[in-house]
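A.B. asks: Pasting the sequence and the predicted model now:
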Amino acid sequence: MKRTKQRSDRTGQNIPEHVSGCRQFEGEDLLYWERMQKNAELQKEWANQQVREHKAAQHNEKEEEAAYAQQTDAILRMRGMLEDEMNAKRANMMKEMQEENKRLAQQKRDRESAWK
């Protein structure tokens, strides 16, 4: 195992930082806590991003459902109007046919009475 000693010829190393006088041992991870904190922040950000994406997907789904419902209502309204118009035309046509039949029947009665 390699040991390092503090040297007085380097600036900033006049006072030993640790009891043993060594600054770092071989294999020692001095940035462990900083790295763990950064990882925790990243994990929190990813979780927040997933929540935002999930909420956006729900919002888009609700908007699509609302647009579909609105489109369906418009189609049903149009269909109802067309059915009403068709029923009115059919009723008018039947009434005209009935009047024509009455007129033809009256003409036939008049001809028959004229022949007698």
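C.D. replies: Here it is on my side, so go on.

A.B. asks: residue boundaries of the strands in the chain?
C.D. replies: Assigned by DSSP state E, the chain shows no strands.

A.B. asks: what about the helices in it?
C.D. replies: Ranges of helices in the chain, per DSSP state H, are 32-115.

A.B. asks: Can you list the low-confidence ranges for it?
C.D. replies: Within the chain, the ranges that satisfy pLDDT under 70 run 1-25.

A.B. asks: For residue 27, grab phi and psi.
C.D. replies: Torsion angles at residue 27 (phi, psi; degrees, to the nearest 10) stand at phi 90, psi -10.

A.B. asks: Any idea how many residues pack against it?
C.D. replies: Using other C-beta atoms under 10 Å, residue 27 has 7 neighbouring residues. For glycine as for every other residue, the C-beta is placed from the backbone atoms N, C-alpha and C.

A.B. asks: before we move on, what about residue 100?
C.D. replies: Residue 100: 10 surrounding residues under other C-beta under 10 Å.

A.B. asks: Next one: it from residue 37, what distance?
C.D. replies: Counting by C-beta to C-beta, to the nearest Å, the gap from residue 100 to residue 37 is 94 Å.
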